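K.L.:
next come a sequence and a model predicted from it.
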Amino acid sequence: MPRQLLTFYAYIGHRNSKIPIITVDHYPNDWPELKQMLIEAMLKAFTEYGTTEALWSLEGHRSGKAKVWKPKIGTYILKPFNPKRSVEAYLHAVFNPITCETTIKQATFNWPHSEMVYDYMACEKNIRYKIPPVTPKTFKRFIDNPQAILEEPLTIRYPDYSGKIKTNYNKEPKQYQTSHPRTYVPWGESLREQS
């Protein structure tokens, strides 16, 4: 089985166009191997182009036979498309020329290599695992959030911004007048006041 060729591209060219830096013959097995490859690529980018910070994409080369079905522009009709490369990872690296150290600030992986995120978080960020919070950050409905129900801001309870409670059940009936205080007369005549 032939090995997959992968290339590290750095977005450091004119108007952030990507420049191929190094090509490897296999996808790294774990995070330390990928980090070592990225350090070599960052050192080569610094010596050849003088850049100390770059966005990187690790892209795998595909054969001409592999095709992807994607919609045609402006329609939903699927057409075969032949991509020459598939993006395997996006990385953001910073090189310090004084100490010759490379720091990887961010790493995003394609879904077949998503398990490498845990290695990256454990080695670089010192986060072994993440426990999801008991209370979610956002709620789908207002009634799902017990704290918001207990707080009840004034704008929700009283639309007229008053502090007085106005419910539908204890309203006092309005006093309607049977006669109008003014009577209007035809055009040009004076107005007669009622007492």
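P.N.:
Great, that's in hand. Numbering: from 1, shown residues only.
K.L.:
what about this structure, any weak spots by pLDDT?
P.N.:
In the predicted model of the chain, residues 1-3, 64, 66, 82, 136, 142, 149-195 satisfy pLDDT under 70.
K.L.:
can you give the contact residues for the helix ranked longest in it?
P.N.:
Under DSSP state H, the helix in the chain containing the largest number of residues is helix 31-49. For helix 31-49, the surrounding residues in contact (C-beta atoms under 8 Å, 6 or more residues apart in numbering) are 8, 10, 12, 19, 21-22, 24, 28, 51-52, 54, 56, 58, 89, 91, 93, 95, 97, 100, 102, 104, 116, 119-120, 123-124. Just so you know, the C-beta spots here come from the backbone N, C-alpha and C atoms, and that holds for glycine as well.
K.L.:
and the residues you listed, which are buried?
P.N.:
Buried subset of those (neighbour count, 16 or more other C-beta atoms under 10 Å): 8, 10, 12, 19, 21-22, 24, 28, 54, 56, 58, 89, 91, 93, 95, 102, 104, 116, 119-120.
K.L.:
inside strands: which ones of these?
P.N.:
Those of the buried ones among the contacts of helix 31-49 mapping onto strands are 8, 10, 19, 21-22, 24, 54, 56, 58, 89, 91, 93, 95, 102, 104, per DSSP state E.
K.L.:
measure stretch 47-67 end to end?
P.N.:
Stretch 47-67 has an end-to-end distance of 37 Å (C-alpha to C-alpha, to the nearest Å).
K.L.:
repeat that for stretch 44-63.
P.N.:
End to end - C-alpha to C-alpha - stretch 44-63 spans 27 Å.
K.L.:
and for stretch 12-28?
P.N.:
Terminal-residue distance, stretch 12-28 (C-alpha to C-alpha): 24 Å.
K.L.:
pull the distance from it to the chain's centre.
P.N.:
25 Å (C-alpha atoms, centre = their mean, to the nearest Å).
K.L.:
what sits up against it?
P.N.:
The contact list for stretch 12-28 (C-beta under 8 Å, 6+ apart) reads 3-11, 34, 37, 40-41, 44-45, 48-49, 51, 54-55, 57, 60, 88, 113.
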